[in-house]
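>>> show me how the following folds:
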Amino acid sequence: MTQSLQLDAEALYAELLAGVRGLLRPEAVLVGIWSGGAWLADRLQADLGRGGAAGVISSTLHRDDFGSRGMAAGTDATKLPFAIDGSHILLIDDVLYTGRTIRAVINELYDFGRPASVQLAVLVDRGGRELPIQPAFAAARVVLPATQKLTLARDDSGRFAFTVREQA
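Residues are numbered from 1 along each chain as shown. Have a look, this model is predicted:
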């Protein structure tokens with residue numbers, strides 16, 4: 001069953017843009033977490049008037065549930081078109097829940113070098129953390145039952161929307 005969540009993803013994106021402006025150092029780089037975070041990072045990169053491409057990073061190879069999930073789409077999604085050593089990284093994600101994806105992404109990031117700093121900005125923080133990970137900025141905080149999954153979608157024009165699905 002799919003139902004609409006009463007969150008305006010485009011309005012939250014405007015909040016995220018303002019929050020990222022406040023966090024972003026001139027020398028920092030944006031890295032979006034595949035896939036929803038990558039969509040957000042690409043749009044932020046353009047809306048902030050920053051040259052070049054945002055980085056994209058995948059959590060697939062470092063997930064603690066890799067054995068049960070296997071090789072999901074996005075395995076080869078990591079593309080970091082800049083040096084990681086000494087960089088100030090602003091990770092962008094769509095929905096923060098348990099923190100396990102962020103842990104996996106940080107492990108992947110360190111495979112490419114040692115950043116000077118790493119911060120996290122998310123569109124929605126839904127709580128339910130299993131690890132001590134908190135965003136520096138969240139455009140919204142919501143509470144959903146553990147049986148529901150909040151998913152960001154992007155249409156052909158690049159506009160964002162949320163859906164909520166019941167998980168098995």
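>>> can you give me the helices in this protein?
9-23, 36-47, 66-69, 100-111 (DSSP state H).
>>> quick one, which of those is packed in tightest?
Across these, the average number of neighbours (mean count of other Cβ atoms under 10 Å) peaks for helix 36-47, which reaches a mean of 21. Yep, even glycine has a C-beta here, placed from its N, CA and C like the rest.
>>> can you spell out which helices and strands pack onto it?
Here helix 36-47 touches helix 9-23, strand 29-33, strand 55-57, strand 88-96, strand 148-154, going by 3 or more Cβ pairs under 8 Å, 6 or more residues apart in numbering; DSSP states H and E.
>>> what about the first one, average pLDDT?
Mean pLDDT, taken over the full extent of helix 9-23, equals 98.
>>> give the contact list for the nearest residue to residue 114 once chain neighbours are set aside.
Nearest non-adjacent residue to residue 114, counting by Cβ to Cβ, 6 or more residues apart in numbering: residue 85, 5.6 Å away. When contacts are counted by Cβ atoms under 8 Å, 6 or more residues apart in numbering, residue 85 touches 113, 114, 115.
>>> quick one: which of those residues is nearest residue 50?
residue 115 (17.5 Å; Cβ to Cβ).
>>> wouldn't the closest one be in contact with residue 108 here?
No. In this structure, residue 115 is not within contact of residue 108 by Cβ atoms under 8 Å, at 12.0 Å.
>>> what residues are shared contacts of the two?
What both residue 115 and residue 108 touch, as defined by Cβ under 8 Å, 6+ apart, is an empty set.
>>> doesn't residue 115 make contact with residue 84?
Yes. In this structure, residue 84 is within contact of residue 115 by Cβ under 8 Å, at 5.5 Å.
>>> out of the contacts of residue 85, who has the most neighbours?
residue 115 (20 neighbours; other Cβ atoms under 10 Å).
>>> can you tell me how far that residue is from residue 100?
20 Å (Cβ to Cβ, to the nearest Å).
>>> residue 152 now?
From residue 152 to residue 100 the distance is 18 Å (Cβ to Cβ).
>>> likewise for residue 6?
Residue 6 is 27 Å from residue 100, by Cβ to Cβ.
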